[in-house]
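*Asks:* Predicted model and sequence follow; I will ask about them next.
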Amino acid sequence: MISGLWKMGVVLFDRRSGKEIAKIRTTREAGEFLLDKWSGERCASYRKAVVTCVTAMRGDALHETAATAFISAIIQANYGFNFFEAYWDVFDLEISRAVDAAFKEDYSLFAAQSPAVQAQAPTPSH
């Protein structure tokens, strides 16, 4: 999933005014919202969402897991929300997959070209 783009995005709104607060489509946007714009209690579900977003951005967790943790946090904080299709169409999805695959391929070539450091036993000097 390129840049952590979620299949389903989340529109957040203020329950009192009905005003849209944010539109979240990616793990990065969710993390930025949690750190910069969060107005709810910073309870256990909030902390779990922050940690899960960071972990997913590092590649150590699925972005879907970050989305689930984020949604749990906004529910507990009593934000209003609706879902929307994050991908505009099938073309966007296919482009996203192609770029993701190309990045993984390029990265694997880079890793294969990195010189390996071999440990050598010290040579006795006489």
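*Replies:* Cool, got the structure.

*Asks:* List the contacts of the residue most central in space within the chain.
*Replies:* Nearest to the mean C-alpha position of the chain, counting by C-alpha atoms, centre = their mean, stands Thr27 at 2.7 Å. Applying C-beta atoms under 8 Å, 6 or more residues apart in numbering to Thr27 gives the contacts 3-4, 6, 53, 56-57, 63, 66-67. Bear in mind the C-beta positions are built from the backbone N, C-alpha and C, glycine included.

*Asks:* what do you get if the cut-off is 10 Å, keeping everything else the same?
*Replies:* The neighbourhood of Thr27, defined by C-beta atoms under 10 Å, 6 or more residues apart in numbering, consists of 1, 3-6, 52-57, 61-67, 69-70.

*Asks:* Show me which of these are buried.
*Replies:* Buried residues within those, defined by neighbour count using 16 or more other C-beta atoms under 10 Å: 1, 4-6, 52-57, 61, 63, 66-67, 69-70.

*Asks:* just those now: which is nearest Asp14?
*Replies:* Closest approach between the buried ones among the contacts of Thr27 and Asp14, by C-beta to C-beta: Phe70, at 17.4 Å.

*Asks:* wait, isn't the closest one in contact with Val51?
*Replies:* No. When contacts are counted by C-beta atoms under 10 Å, Phe70 is not listed as touching Val51 (11.4 Å).

*Asks:* Perfect, I'm done here.
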